[in-house]
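Student: Below are the sequence and a predicted model; questions follow.
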Amino acid sequence: MTLPALLAIGAYADWDVPDMQEGFDLLQIASASALAGVDVARRQGIKAVAYKGHNPFGATEMDLLPSLEIIANYGVGYDAIDVEAATKRGVRVTNTPDVLNDDVADLAVAMLLSFTRNMAFNAAWQARGDWAEKGDPPLARKFSGARAGIMGLGRIGREIADRLAAFKMEIHYHSRSKKNTPAGWVWHETPEGLAAACDYMVVALVGGKATENYVSRDVIAAMGADAVIANISRGTTIDEDALLEALEAGHIRGAALDVFRVEPQFDPRFLALKNVYLQPHQGSATVETRKGMGALQRANIRAHLAGKRLLTPVN
Ligand code: NAP
């Protein structure tokens, strides 16, 4: 029996590979840009792509795979994949929602706490011996009880809001429509309205063209001078130049960022700032969650090839 051909694009963990070999004729490449170099006969037989990464996977790549039926994305954010081009070609797209909500929400809270309680600065203070030499480090700022704002109350946004509510925070949010929330949560019709109403604003929007610069220069200008912004969504959702200018000028207190406009070669201006806390896109980066994401990615591929309903379809 000939096994269905599966093309895995991106860097996978050791535990993913044996499962991708189970029942598949597996071909692995590091990135979509290597696709054109794959032997034509091999390419022509590929029905399924397991996609991992943030480089674009669009019409050009799809046209190199004439038998393609499904692109299963590793991650909930599928902004790298041209879904319209896939739909046009009858190619199904899937993603991995929900299994990563907890980790991304945990990281959002951890980043805000780390920023506002000066965790990195204080750890370095202690490691250098400054405690004994210079005494206590400068005071930090209080987190619990402040006003939280969630830009995009989707699956991850809701998990973040639930966590911040446990920190006795007032919860404000902006989504395109009012959500069913616990009593007392305040909906803001506009992103500017949310920005003006909170001390800690977390961006949890989807990425892609539709939300590009959603947190615009005007939204950043609406934030108070004492306000902090966090982004765990995609670098594209914030006007990064406007954010850098606001941080450089001290127009806002700070930023805690896991995602950047360009990754991993992010804007070096961030490194010159003292009022930022930066993470290298670590939202879902735990062993447990990454195993769950890989398992869901492959479950979608197997369901499709068995003629069953996709578990988490995008189109
Ligand atoms: P989700 O449930 O689909 O929620 C997305 C939010 O984006 C919703 O609040 C939705 O608004 C809003 N939205 C969608 N399209 C919009 C538009 N055109 N204009 C304005 N708002 C729009 O997604 P999720 O599962 O929470 O994931 C959110 C994002 O987190 C992912 O797409 C991904 O990019 C990012 N993420 C990052 C990491 C990381 O490592 N940092 C890990 C996982 C995910 P409505 O409520 O109005 O519908």
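Tutor: Perfect, thanks for sending it. Note that the structure is a prediction, hence the values are computed from the model and not measured.
Student: Every contact and neighbour count from this point should use C-alpha atoms.
Tutor: Noted.
Student: got the residues of this structure near the ligand?
Tutor: Contact residues (C-alpha under 6 Å from any ligand atom) of the chain with the ligand: 76-77, 97, 104, 152-157, 175-177, 204-207, 210-211, 232-234, 258, 281-284.
Student: secondary structure element for Ala72?
Tutor: strand 70-73 (DSSP states H and E).
Student: partners of that strand in the sheet?
Tutor: Next to strand 70-73 in the sheet, as set by DSSP bridges, lie strand 46-51 (parallel), strand 92-94 (parallel).
Student: looking at these, which is closest to Ala306?
Tutor: Ala306 lies closest, by C-alpha to C-alpha, to one member of those: strand 46-51, at 12.3 Å.
Student: what does the closest one contact?
Tutor: By C-alpha atoms under 8 Å, 6 or more residues apart in numbering, the residues outside strand 46-51 that reach it are 4-10, 65-74, 297-298, 301.
Student: Mind checking which of those are buried?
Tutor: Among the contacts of strand 46-51, the ones that count as buried by 16 or more other C-alpha atoms under 10 Å are 5-10, 65, 67-74, 297-298, 301.
Student: Going by length in residues, pull out the top helix of this structure.
Tutor: For the chain, the helix with the greatest residue count under DSSP state H is helix 287-305.
Student: list the buried ones in that helix?
Tutor: Buried residues in helix 287-305 (16+ other C-alpha under 10 Å): 289-290, 292-302, 304-305.
Student: ditto for stretch 81-100
Tutor: Buried residues in stretch 81-100, counted by 16+ other C-alpha under 10 Å: 81-83, 85-86, 91-97, 99-100.
Student: Tell me which of the residues of the chain next to the ligand fall in helices.
Tutor: 104, 155-157.
Student: TSV please, covering the residues you listed and showing neighbour count, pLDDT and distance to Pro313.
Tutor: Shown next, in TSV, are these (neighbours: other C-alpha atoms under 10 Å; pLDDT from 0 to 100; distance: C-alpha to C-alpha, whole Å):
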residue	neighbour count	pLDDT	distance to Pro313
Val104	26	98	21
Arg155	16	98	16
Ile156	26	98	18
Gly157	26	98	21
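Student: distance between the ends of stretch 54-63?
Tutor: 19 Å (C-alpha to C-alpha, to the nearest Å).
Student: contacting residues around that stretch?
Tutor: 31-32, 35, 68, 79-82, 85-86.
Student: just stretch 266-274 next, same as before
Tutor: So stretch 266-274 is contacted by 244, 247-248, 260, 276 (C-alpha under 8 Å, 6+ apart).
Student: quick one: average confidence on it?
Tutor: For stretch 266-274, mean pLDDT rounds to 98.
Student: Same check on stretch 68-75?
Tutor: Computed over stretch 68-75, the average pLDDT equals 98.
Student: So what's the gap between that stretch and the chain middle?
Tutor: The chain centre lies 18 Å from the centre of stretch 68-75; the measure is C-alpha atoms, centre = their mean, to the nearest Å.
Student: Need the distance between the two termini of that stretch.
Tutor: 20 Å.
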